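J.: Please find the sequence and the predicted model below.
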Amino acid sequence: MTEYNYDRFSTEDYEFDQVAGPGPGEKAPDFELTTPSGEKRRLLDFDGDFLVLETGSITCPLFQSRRPIMEKLSGEFPGVTSVVLYVREAHPGGKIGRHRDFEDKKEAARRLKDKDGEGRLILIDDFDGKAHQTYGSMPNAVFIINRNGCVVFRSDWNNPVATRKALAALVRGSEVRIRSYFRPPTPATALRTFRHAGPGAALDFFRGLPFLIWTNLIKRNLRLLLGRPPELSRDTTC
């Protein structure tokens, strides 16, 4: 593993074949985080029955491609709080580079809110990514956490269709047995994200693309197909 806030993306920055952080049925760690305006908030201090937590950054094509659906989903279910945990830049480039300090990270989160129009609550991790690393370090993971503070759904790569199915099942009181398969971002969104990040972002991504296809689109999806998802509900305790 390289330094947390890396200058250039490499597949060595992630442990794609390992699962780290709280899994389904386990306690969700709490953190004090910062909003783009500088307000301090506790991650697990949320209203309603569930917290939908998605990790992301302005230079992550997967996160950017999921945003329109996730923002609609956040308003579809009453009693659900949706939060973006702003983490390190997934694909830093010549225009939007690595975070040099916390203020730099906060400025990137403000840009996501003010220029990209993110409407969900944004909570910014600390400079060294303590919350992000505790939750597994993936660039676009999603967790659904119930009022008991338990993870009742997790996907290392957010698939909004699967996330919506899981949330719908939880809200109506059914057990969750959803497989969240990896789906790549749309090419148009990926290219637009790399262009905004600046020179170097796309090149570093395409260098690692064969490895990413093998580990995520093929191996990860095959494991999900052959595995058995845990059965959890809105009342799960941990």
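T.: Received, thanks. Numbers count the residues shown, from 1 in each chain.

J.: how about residue 234, what does it touch?
T.: Counting by C-beta atoms under 8 Å, 6 or more residues apart in numbering, residue 234 touches 49, 50, 146, 152, 170, 171, 173. Placement of C-beta: from N, CA and C, glycine included.

J.: in what helix or strand does it lie?
T.: For residue 234, there is no host helix or strand (DSSP states H and E).

J.: cool, and residue 211?
T.: Assigned by DSSP H and E, residue 211 belongs to helix 201-212.

J.: Pull out the buried residues from that helix.
T.: Residues of helix 201-212 classed as buried by neighbour count (16 or more other C-beta atoms under 10 Å): 201, 202, 204, 205, 208, 212.

J.: Now residue 232: closest residue in space that isn't a chain neighbour?
T.: Distances taken as C-beta to C-beta, 6 or more residues apart in numbering put residue 152 closest to residue 232, at 4.5 Å, once the chain neighbours are dropped.

J.: how would you label that neighbour: helix, strand or coil?
T.: For residue 152, the secondary-structure state derived from DSSP: H, G, I helix; E, B strand; the rest coil is strand.

J.: that's a helix at residue 53, yeah?
T.: No: using three-state DSSP, the assignment for residue 53 is strand, not a helix.

J.: who touches it in this structure?
T.: Residues near residue 53 by C-beta under 8 Å, 6+ apart: 28, 43, 83, 85, 135, 142, 143, 144, 145.

J.: do the same with residue 151
T.: By C-beta under 8 Å, 6+ apart, residue 151 lies in contact with 22, 23, 24, 25, 26, 27, 28, 143, 144, 145, 238.

J.: go on, residue 158?
T.: 54, 62, 63, 66, 70, 140, 141, 142, 180.

J.: Is the spatially most central residue of the chain bridged to anything, and to what?
T.: Nearest residue to the geometric centre of the chain (C-alpha atoms, centre = their mean): residue 55, 2.4 Å. On the basis of DSSP bridges, residue 55 is bridged to residue 85.

J.: Can you give me the separation between it and residue 47?
T.: For residue 55, the distance to residue 47 equals 21 Å [C-beta to C-beta, to the nearest Å].

J.: Repeat that for residue 88.
T.: 28 Å.

J.: More neighbours: which of the two?
T.: Of the pair residue 88 and residue 47, residue 88 is the one with more neighbours under other C-beta atoms under 10 Å, namely 26 against 8.
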